[in-house]
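J.: build me a model:
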Amino acid sequence: MSTTTTSTTTSTTTSAATSTTAAPRRFRSKHRPVWDEAPGPAGFTVKALLLLAICAAVLFPLYSVVLTSLSTQDTITRAGGMVTVPGEITFAAYSQILSGGIVTRAALVSIGITVVGTTISTMVSLLAAYGLSRPGSFGHRPLLFTLLLTMFFSAGMIPTYLLVSALGMIDSYWALILPTAVSAFNVLILRAFFMGIDPAITDAARIDGAGDWRVLFRIVAPMSKAAIAVVALFYGVGYWNAFFNAMLYINDNAKWPLQLVLQSYVLQGVTLPGSGTGQVDVATGAVTGLPVKMAVMVLAIVPILIVYPFVQRHFTKGVIFGAIKG
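T.: Just a heads-up that it's a prediction; the model follows:
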């Protein structure tokens, strides 16, 4: 009897010890897999060095561009080109490009096109995505198939140019907006987000008497701020950085956006038509001088850097949700 009791006690103790030892393993497998364990000191060091190298590779060119735009011509001459060591600082280049003329006008054109184009594109994509997210909507499958088809096939540059010309949009700002107003990829992101919303929410709104417009703008859109912010960012960056459409459709240099000025005057050193054969001042002609060129580059980069932090918190959620549900 005592032997049985002893063995039972020993078995119980062994089981308790085993369960106590196994508890951390069960906890780890439940909340954190083995391959997701925190790295050791060597792993932390390697990761830190790798991240520092990547950050340096990304930030150093930008640092050199900004520093060169703030440097005097003597400092640039001593550096033999792009400045990497700070010397005499001056804001003369920025004061020159912002004092009026081609660069200032081009910056205003780019801002206007970006604001108007982003607003139109986001609104059209919002309406298209909501319609395509309703399975019983009119022409749902054919329209969705047609939209997907545009991601793989396009008319080409010449037919598109002929269409823009036939619509009378040559030398018009609408030529920079309407041909690229809708992106199938962005519509699919919004559609995937809308389809992830519980149908019971929209059904309850319809029972209360809400129509499609009210459901979209009072319920669906506020619940989809992350996806809408990401799509608006995509459109905004696309409009701000676009220069090829302006090169094709805009012949009047007074209507050129900033990116085309950057590409033509800064990178290629082309002078304005009618300005003569020599280089002229920024206020009246082509951009000259390395500090001024770098200042124009900074002016073309900074707006996106300012806007992105406000959208960044929605970026991961919107893109990943659309990728998973789409």
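J.: the stretch 1-150 of the chain: helices as residue ranges?
T.: 2-31, 41-69, 73-79, 92-97, 102-133, 140-149 (DSSP state H, counting those that start in this stretch).
J.: any chance of JSON lines for those helices, columns mean pLDDT and mean neighbour count?
T.: No exception for glycine: its C-beta is placed from N, CA and C like everyone else's. Conversion of these to JSON lines gives the following (pLDDT from 0 to 100; neighbours: other CB atoms under 10 Å):
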{"stretch": "helix 2-31", "mean pLDDT": "47", "mean neighbour count": "10"}
{"stretch": "helix 41-69", "mean pLDDT": "89", "mean neighbour count": "12"}
{"stretch": "helix 73-79", "mean pLDDT": "83", "mean neighbour count": "15"}
{"stretch": "helix 92-97", "mean pLDDT": "82", "mean neighbour count": "19"}
{"stretch": "helix 102-133", "mean pLDDT": "91", "mean neighbour count": "20"}
{"stretch": "helix 140-149", "mean pLDDT": "85", "mean neighbour count": "13"}
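J.: quick one: closest of those helices to M157.
T.: helix 140-149 (18.5 Å; CB to CB).
J.: just checking, what packs against that closest one?
T.: Packed against helix 140-149 by the contact rule (3 or more CB pairs under 8 Å, 6 or more residues apart in numbering; DSSP states H and E) you find helix 102-133, helix 184-195.
J.: so can I have TSV of the ones you listed showing distance to L163?
T.: TSV is the format used below for those (distance: least, CB to CB, whole Å):
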stretch	distance to L163
helix 102-133	18
helix 184-195	18
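J.: so what's the residue nearest the centre of the chain up against?
T.: Residue closest to the average C-alpha location in the chain (CA atoms, centre = their mean): F234, at 4.4 Å. By CB atoms under 8 Å, 6 or more residues apart in numbering, the contact list for F234 reads S183, N186.
J.: now the element after the helix or strand hosting it, going C-ward?
T.: F234 is part of helix 225-241, with elements assigned from DSSP states H and E. As assigned by DSSP H and E, the chain's next helix or strand after helix 225-241 is helix 244-249.
J.: how far away from the center of its chain is that following helix?
T.: 21 Å (CA atoms, centre = their mean, to the nearest Å).
J.: what does stretch 290-301 give?
T.: The chain centre lies 21 Å from the centre of stretch 290-301; the measure is CA atoms, centre = their mean.
J.: show residues contacting that stretch.
T.: 62, 65-66, 68-73, 76, 81-82, 90, 92-94, 96-97, 103, 107, 258-259, 261-262, 265-266, 282, 287.
J.: keeping just the C-alphas, turn that stretch into CSV.
T.: Output in CSV follows, covering the C-alpha atoms of stretch 290-301 (Å, rounded to 0.1, in the frame of the first residue of the first chain):
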residue,chain,number,x,y,z
LEU,A,290,25.0,73.8,-59.4
PRO,A,291,23.5,75.4,-56.2
VAL,A,292,20.4,76.5,-58.1
LYS,A,293,20.0,73.1,-59.7
MET,A,294,20.2,71.4,-56.3
ALA,A,295,17.8,73.9,-54.8
VAL,A,296,15.2,73.0,-57.6
MET,A,297,15.7,69.3,-56.7
VAL,A,298,15.1,70.0,-53.0
LEU,A,299,12.0,72.0,-53.9
ALA,A,300,10.7,69.0,-55.9
ILE,A,301,11.4,66.5,-53.1
